[in-house]
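Trainee: Test case, fold it:
(one chain, ligands or ions: 1)
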Amino acid sequence: MPAAASRALCDFLDASPTAFHAADSIAAALRASGAVRLDEREAWKLEAGKTYFVDRNGSSVIAFRPGTALPEDSGFAIAGAHTDAPALRVRPEKALRARRSERIAVEIYGGPIVSTWLDRPLSLAGRVAVRGKDGRAEARLVNLARPVAVVPNLAIHLNREVNKGFEYNAQNHLPALCAWPAEEASDPARAPWALQAVAAELGVEVKEVLGTELFLVDAQRALAFGPGAELVNSGRADDLAGCHAILQAFRQSEAKPHGQVAVFFDNEEVGSATLQGADGVYLRELLERFSVAFGSGGEGFKRAIARSFSVSVDAAQGWHPSYADKYDETYGPTLNAGPAVKANANFRYATDALSEAAFRSLCAEAGVPCQKFQVRADQTPGSTIGPISSKLTGIRTVDVGAPLLAMHSIRETVGARDHEWMIAALRKLFERGPDLY
Ligand SMILES: [Zn+2]
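Mentor: Numbers count the residues shown, from 1 in each chain. Presented below is the predicted three-dimensional model:
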């Protein structure tokens, strides 16, 4: 049986097929531990000793536990991750029909390993806007949570070179087959199947669906494998494992003199430059609002920022035994050997000497092993919310992540032990606070 931490991780992954559902899962967990949701449009009356969270766009959550000291004297200990993952985004207004078959048109969100979306059961999930009672748009979550479509490959006999690598064209090859009845449909003007299914799920008419953000996602559940159930295989482990580790660490922590902040940003996979993404004013403005509410406005807020420290948690490219030459032998982090500090000379990661040392000291105090990840010197790594968020908030940041295999595949693999260790290290961050360097 998997350990409690990986069971909880699998439940979180299964409940979170899209960023909207991830934010919903996070909000539900925060509420269950007594946190109060704040509406950004309202005036806030905040009390010491309570925990709060804000949910922007239904896909990006920031939770805040005020400290017992003034923010200007103690700063904020912050941990952040991202709620979104690569997927096929549905174009639901378009019905692709031929010889009684129907396919769902898609476009690509982020940078998936496209071939892994083919020939496997896909479910449909996301958010739709429907016409509310007073004529205003109302957001509703949809999660069909069952196999409804497949993107079939072409037979190898018609593409014998396919195993040498094939470039899938999103317009031509990635529409997902969702129906092929034996009889011709009686109503040729009927709405596309995806729209009908979503409307039926929500109990509304198709014409009441006014806007959609729907995705085709893996329909299979997360699972643990290995003799000791030491490996977890799932869709969206990048970066929902990071979100879950932060959420658990935040919920398990108690108020300290410093403020504690848990950040869950949407849209990292497409560059973060959205209303609710890291490349915007969301975090900085909320930190200021919380700082002012707890007695540190103006210069006090700037002092609070200068005292703060942030850990950006996102998956690291774990060492892959079948592709050892793709890694620098010293800097390829091994699964189930602890979280990795991620560093890059050109600051694709925010890590510097002091922030690395700060995270290493948190790990040491928590009894957690710590690895280091750098790509080969002839490669360029991906990036994270770390450098973006650090630039916009002015807060020293370290980039870290649990090693993960098959990053951006429809199913990725992580180490169960690494997840427990990440939670322990982040608990230490929330306990110790930002005064680490
Ligand atoms: Zn990521």
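Trainee: all contacts plus neighbour counts: C-alpha atoms, from now on.
Mentor: Will do.
Trainee: Quickly find the element holding G80.
Mentor: Counting by DSSP states H and E, the element that carries G80 is strand 76-82.
Trainee: close to the ion, is that strand?
Mentor: No: judged by C-alpha under 5 Å from the ion, strand 76-82 and the ion are separated, with a smallest distance of 6.6 Å.
Trainee: can you list the domains in this structure?
Mentor: Following the assignment in automatic domain parsing, the chain carries domains at 4-85+235-432, 87-218.
Trainee: how about A22, secondary structure?
Mentor: At A22 the chain is in helix, as set by DSSP: H, G, I helix; E, B strand; the rest coil.
Trainee: What number of residues are in the vicinity of the closest residue to it other than its chain neighbours?
Mentor: Distances taken as C-alpha to C-alpha, 6 or more residues apart in numbering put S16 closest to A22, at 4.4 Å, once the chain neighbours are dropped. Applying other C-alpha atoms under 10 Å, we find 24 residues neighbouring S16.
Trainee: OK, contacts around S16?
Mentor: Counting by C-alpha atoms under 8 Å, 6 or more residues apart in numbering, S16 makes contact with A22, D24, S25.
Trainee: For the closest residue to A179 other than its chain neighbours, what is the enclosing helix or strand?
Mentor: Excluding its sequence neighbours, the residue lying closest to A179 (C-alpha to C-alpha, 6+ apart) is E102, at 5.2 Å. Applying DSSP H and E as the criterion places E102 in strand 101-109.
Trainee: Show me what that strand is packed up against.
Mentor: With contacts taken as 3 or more C-alpha pairs under 8 Å, 6 or more residues apart in numbering; DSSP states H and E, strand 101-109 sits against strand 87-98, strand 176-179, helix 193-202.
Trainee: Spell out which parts of this protein neighbour the ion.
Mentor: Residues of the chain lying near the ion by C-alpha under 5 Å from the ion: D238, D239, D314.
Trainee: show me the residues around the last one that make contact.
Mentor: Looking back up the chat, that one is D314. Taking C-alpha under 8 Å, 6+ apart, we find D314 in contact with A81, H82, D238, D239, G242, T384, D399, V400, G401, A402.
Trainee: Just those residues: which are in strands?
Mentor: If you go by DSSP state E, the contacts of D314 have A81, H82, D399, V400, G401 in strands.
Trainee: Okay, the third one and N344: tell me how far apart.
Mentor: To N344, D399 is 10 Å away according to C-alpha to C-alpha, to the nearest Å.
Trainee: Counting neighbours, go ahead and name the busier of the two.
Mentor: Per other C-alpha under 10 Å, whichever of D399 and N344 has more neighbours is D399, with 32 against 18.
Trainee: Disregarding residues adjacent in the polypeptide, which is nearest to the more buried one?
Mentor: Leaving aside its chain neighbours, D399 sits nearest to S312 (4.7 Å; criterion: C-alpha to C-alpha, 6+ apart).
Trainee: Could I get the phi/psi values of that neighbour?
Mentor: For S312, the backbone dihedrals (degrees, to the nearest 10) come out as phi -90, psi 120.
Trainee: My guess is it contacts A81. True?
Mentor: Yes: counting by C-alpha atoms under 8 Å, S312 does reach A81; the two are 6.1 Å apart.
Trainee: Identify the contacts common to those two.
Mentor: Common neighbours of S312 and A81 (C-alpha under 8 Å, 6+ apart) are I385.
Trainee: which of these two has more neighbours?
Mentor: Using other C-alpha under 10 Å as the criterion, S312 and A81 rank with A81 on top: 31 against 28.
Trainee: any idea how far V198 is from that one?
Mentor: Per C-alpha to C-alpha, A81 is found 29 Å from V198.
Trainee: and if you look at G58?
Mentor: According to C-alpha to C-alpha, G58 and V198 sit 18 Å apart.
Trainee: Look at those two and report which has more neighbours.
Mentor: Each of G58 and V198 has its neighbours counted (other C-alpha under 10 Å); V198 has more, 26 against 20.
Trainee: you'd agree that one is up against V142?
Mentor: Yes: contact criterion C-alpha under 8 Å: V198 and V142 qualify, at 6.9 Å.
Trainee: so where do the helices sit in this protein?
Mentor: Secondary structure of the chain (DSSP state H): helices located at 4-14, 19-32, 71-74, 193-202, 237-251, 282-293, 299-306, 353-366, 385-393, 416-432.
Trainee: I'd like those written out as a markdown table, with mean pLDDT and distance to E47 added.
Mentor: A markdown table is the format used below for the helices of the chain (pLDDT from 0 to 100; distance: least, C-alpha to C-alpha, whole Å):
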| stretch | mean pLDDT | distance to E47 |
| --- | --- | --- |
| helix 4-14 | 92 | 30 |
| helix 19-32 | 98 | 16 |
| helix 71-74 | 98 | 14 |
| helix 193-202 | 97 | 37 |
| helix 237-251 | 98 | 18 |
| helix 282-293 | 96 | 9 |
| helix 299-306 | 98 | 18 |
| helix 353-366 | 98 | 29 |
| helix 385-393 | 95 | 24 |
| helix 416-432 | 98 | 19 |
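Trainee: Let me have the ones you listed in a markdown table, adding distance to P152 as columns.
Mentor: Formatted as a markdown table, these follow (distance: least, C-alpha to C-alpha, whole Å):
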| stretch | distance to P152 |
| --- | --- |
| helix 4-14 | 24 |
| helix 19-32 | 26 |
| helix 71-74 | 55 |
| helix 193-202 | 17 |
| helix 237-251 | 24 |
| helix 282-293 | 41 |
| helix 299-306 | 51 |
| helix 353-366 | 45 |
| helix 385-393 | 34 |
| helix 416-432 | 32 |
